[in-house]
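Asker: requesting a structural model of the entry that follows:
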Amino acid sequence: MVHHPVRALRNGPAAATVATRHLLRSTGHVTGVPQPWLRRPAYQDALAAYRAGDLRRALELARSAGATGRLLARLVAGEIALLEEPAPGAPTRPAAAPDGPDRVLHLVTNALPETVAGYTVRTQGIAAAQLAAGHDVHVLSRLGFPVNRGRLEAARTATVDGVPYHRSVPLRLPLRADVALRSDVEHASRLVRRLQPTVLHAHSNHVNAQVGLALRHRFGIPLVYEVRGFLEETWLSRTGGSPESDFYRLTRQAETRAMQAADAVVTLSESMREAIIGRGVPAERVHLVPNCVDSSWLDAPAVDPDLAGPFTVGLGSTLNAYEGVDVLIEAVALLREQDTDVRLVVLGSGPAAADLAELARSRGLGDAARFTGRVGRDELMAAYRGLDVFCLPRRDLPVTRLVPPIKPVEAMAMGIPVVASDLPPLRELLVGGGAEDRGLLVRPDDPEALAAAVSTLTDAALRRRLGYAGRHWVRETRSWAAAATTYDAIYHELHLAHRGETA
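Answerer: As a prediction, this is how the structure comes out:
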């Protein structure tokens, strides 16, 4: 590994702002060091309100907390201002439509190679497919990334399989989110002037869309907003907060404004599309581009159900509570109590990882359960080869009723049968659509139902049939090359509309 002390030194002031943000949001300890001045009751009351999403109450309490609350008050005031930011108006001038291939600038939160997750894998899949189709494709991550992820030595650019990634890392990062937005727009504007893209393609969340809308206003370039999730619902599922809180309501409003203002909206599932239309976005402007896989998944040999080895179930995921991995652990424990020799492999890391490992120990799984932590793509593909069944036991929550994950599509591409909670976006993956059923659906939050479904898949013939159906369906309908063709059509419509023409 090559170290770059000059880069680390250059990025140090920006990292200091990131550290300040973490310090202000902490419970009084940062990296194990007590912070007694943050433990005063007035400050902790403000912090509790902030974490509950009661932003205006948090601002009021922070302002009354004396010197210790001033920075927190600035932080909260900036978040409120960001969430209330009005969408910019119409473009100041129309940009010329391209005569040849598009030059696309994707605006994202985080990116490869520093962050490996479903979000970044989708970005790379889209960009690489567009590049292969002959377009000039660039990706710009949000202001501060990847320094805000602890990568102080990061360069200003990176290239992943031919796709150029650009980073906006100023000398100093603003503490306030609304000021950071304006700085983000200025840094992005410099790149736009240099690249002269023909399409702006912002991806969740609304902050990236706000940057895109400001660039559209300034340069006249059409904007696609790709809604990959609903930030307020994800926050609700992770924190147990209230839909009546400031954060939930203001975030929902900010997301809705961005959807309504964009020239076109793309989303991942029919349930998400219906939800977006329900927010007042015209149906003809809302397009579906589901999660896909690149050719490497389909070119790899399918998993052979007849290979000898212990019967193994598992999943790859960011380990959040709403993924329901605890339900899978309970199901595996039930099967082992019924003398079914089943093993469990959990690939990935996340907030719930430690609690899940402890649950597996308490249920007596011992060596029958393996938690790998974060793995790279090559390791992930190799680990999938050891699975007989991919399980997706998501809990029944608003966010899981809307947003589909990418990992089961990858598993299906390798011919691995999937058992999933019976939720709308997962039903879209496994049932119907003019094809044979491609997996099994079970009641969410029900270890017994999950155990029964897994038990039926000890039958290698059934695993082979479902695995073949899933792999065939992914090959026919879920390639990034096909998705790139859909994006081409969306961009073409936008360029025609820009010129006042019709398709």
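Asker: ranges for the helices of the stretch 201-350 of the chain?
Answerer: Taking DSSP state H, counting those that start in this stretch, the helices of the stretch 201-350 of the chain run over residues 206-219, 231-239, 246-261, 270-277, 295-299, 325-337.
Asker: mind putting the ones you listed into TSV with mean neighbour count and mean pLDDT?
Answerer: Quick note: C-beta positions are derived from backbone N, CA and C, even for glycine. Converted to TSV, the helices of the stretch 201-350 of the chain look like this (neighbours: other Cβ atoms under 10 Å; pLDDT from 0 to 100):
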stretch	mean neighbour count	mean pLDDT
helix 206-219	24	97
helix 231-239	19	94
helix 246-261	20	98
helix 270-277	19	97
helix 295-299	15	92
helix 325-337	22	98
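Asker: need those helices in a markdown table with distance to residue 311, can you?
Answerer: A markdown table is the format used below for the helices of the stretch 201-350 of the chain (distance: least, Cβ to Cβ, whole Å):
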| stretch | distance to residue 311 |
| --- | --- |
| helix 206-219 | 43 |
| helix 231-239 | 31 |
| helix 246-261 | 42 |
| helix 270-277 | 33 |
| helix 295-299 | 23 |
| helix 325-337 | 9 |
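Asker: can you list the domain ranges for this structure.
Answerer: Following automatic domain parsing, the chain resolves into domains at 19-83, 103-292+482-498, 295-477.
Asker: tell me, what residue is most central in this protein?
Answerer: Nearest to the geometric centre of the chain sits residue 119, at 3.8 Å (Cα atoms, centre = their mean).
Asker: what mean pLDDT does the helix or strand that contains that residue have?
Answerer: Taking DSSP states H and E as the criterion, residue 119 maps to helix 118-132. For helix 118-132, mean pLDDT is 96.
Asker: that helix packs against which elements?
Answerer: With contacts defined as 3 or more Cβ pairs under 8 Å, 6 or more residues apart in numbering; DSSP states H and E, helix 118-132 has these neighbours: strand 103-108, strand 136-141, strand 163-166, helix 480-498.
Asker: which of the domains of the chain sits closest to residue 10?
Answerer: When those are compared by Cβ to Cβ, domain 103-292+482-498 sits nearest residue 10, at 7.6 Å.
Asker: end-to-end on the closest one?
Answerer: 16 Å (Cα to Cα, to the nearest Å).
Asker: pLDDT weak spots in this structure?
Answerer: Residue ranges of the chain with pLDDT under 70: 1-9, 26-38, 93-97, 308, 434-435, 499-503.
Asker: for the stretch 351-500 of the chain, which segments count as strands?
Answerer: Remark: strands assigned in the stretch 351-500 of the chain by DSSP state E, counting those that start in this stretch are 369-373, 389-392, 418-421, 439-442.
Asker: could you dump those into TSV with mean neighbour count and distance to residue 215 added?
Answerer: Formatted as TSV, these follow (neighbours: other Cβ atoms under 10 Å; distance: least, Cβ to Cβ, whole Å):
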stretch	mean neighbour count	distance to residue 215
strand 369-373	17	38
strand 389-392	27	37
strand 418-421	26	38
strand 439-442	23	41
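Asker: need those in TSV (columns: distance to residue 124).
Answerer: What follows is the strands of the stretch 351-500 of the chain, written out as TSV (distance: least, Cβ to Cβ, whole Å):
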stretch	distance to residue 124
strand 369-373	21
strand 389-392	21
strand 418-421	23
strand 439-442	26
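Asker: for residue 246, which of the ones you listed is the nearest?
Answerer: Set against residue 246 and scored by Cβ to Cβ, those come closest in strand 418-421, at 30.9 Å.
Asker: residues in contact with the closest one?
Answerer: Outside of strand 418-421, the residues within contact range by Cβ atoms under 8 Å, 6 or more residues apart in numbering are 313, 324, 389-396, 400, 408, 411-412, 426, 429-430, 438-445, 450, 453-454, 457, 466, 470.
Asker: next up, the contacts around residue 162.
Answerer: Residue 162 neighbours (Cβ under 8 Å, 6+ apart): 128, 131.
Asker: so it versus residue 463, what's the distance?
Answerer: 36 Å (Cβ to Cβ, to the nearest Å).
Asker: same question for residue 293.
Answerer: Distance of residue 293 to residue 463, computed by Cβ to Cβ: 20 Å.
Asker: quick one on the thing from earlier: I'd like to know which of the helices of the stretch 201-350 of the chain is closest to residue 497.
Answerer: It's helix 206-219; of the helices of the stretch 201-350 of the chain, that one is closest to residue 497 (Cβ to Cβ) at 13.0 Å.
Asker: what packs against the closest one?
Answerer: strand 103-108, helix 177-195, strand 199-203, strand 223-227, helix 246-261.
Asker: got the angle between the first one and helix 118-132?
Answerer: Okay, so that is strand 103-108. Relative orientation of strand 103-108 versus helix 118-132 (axes from the mean of the first three to the mean of the last three Cα atoms, to 10 degrees): 180 degrees.
Asker: parallel or antiparallel, which strands does strand 103-108 pair with?
Answerer: The pairing partners recorded for strand 103-108 under DSSP bridges are strand 136-141 (parallel), strand 199-203 (parallel).
Asker: in a markdown table, list those strands along with mean neighbour count and distance to residue 44.
Answerer: Below are the strands paired with strand 103-108 laid out as a markdown table (neighbours: other Cβ under 10 Å; distance: least, Cβ to Cβ, whole Å):
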| stretch | mean neighbour count | distance to residue 44 |
| --- | --- | --- |
| strand 136-141 | 24 | 34 |
| strand 199-203 | 27 | 36 |
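Asker: dump the ones you listed to CSV, plus distance to residue 344.
Answerer: Shown next, in CSV, are the strands paired with strand 103-108 (distance: least, Cβ to Cβ, whole Å):
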stretch, distance to residue 344
strand 136-141, 35
strand 199-203, 33
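Asker: quick one, which of those is nearest to residue 191?
Answerer: Across the strands paired with strand 103-108, residue 191 has its closest neighbour in strand 136-141 (6.0 Å, Cβ to Cβ).
Asker: can you list the neighbours in contact with stretch 59-79?
Answerer: Contact partners of stretch 59-79, identified using Cβ under 8 Å, 6+ apart, comprise 20-21, 24-25, 37-38, 40, 42-43, 45-47, 49-50, 55, 58, 80, 174-180.
Asker: quick one: which of the strands of the stretch 351-500 of the chain is nearest residue 166?
Answerer: Closest approach to residue 166 among the strands of the stretch 351-500 of the chain (Cβ to Cβ): strand 369-373, 29.5 Å.
Asker: residues contacting residue 404?
Answerer: Contacts of residue 404 (Cβ under 8 Å, 6+ apart): 268-269, 290-291, 425-426, 428-429.
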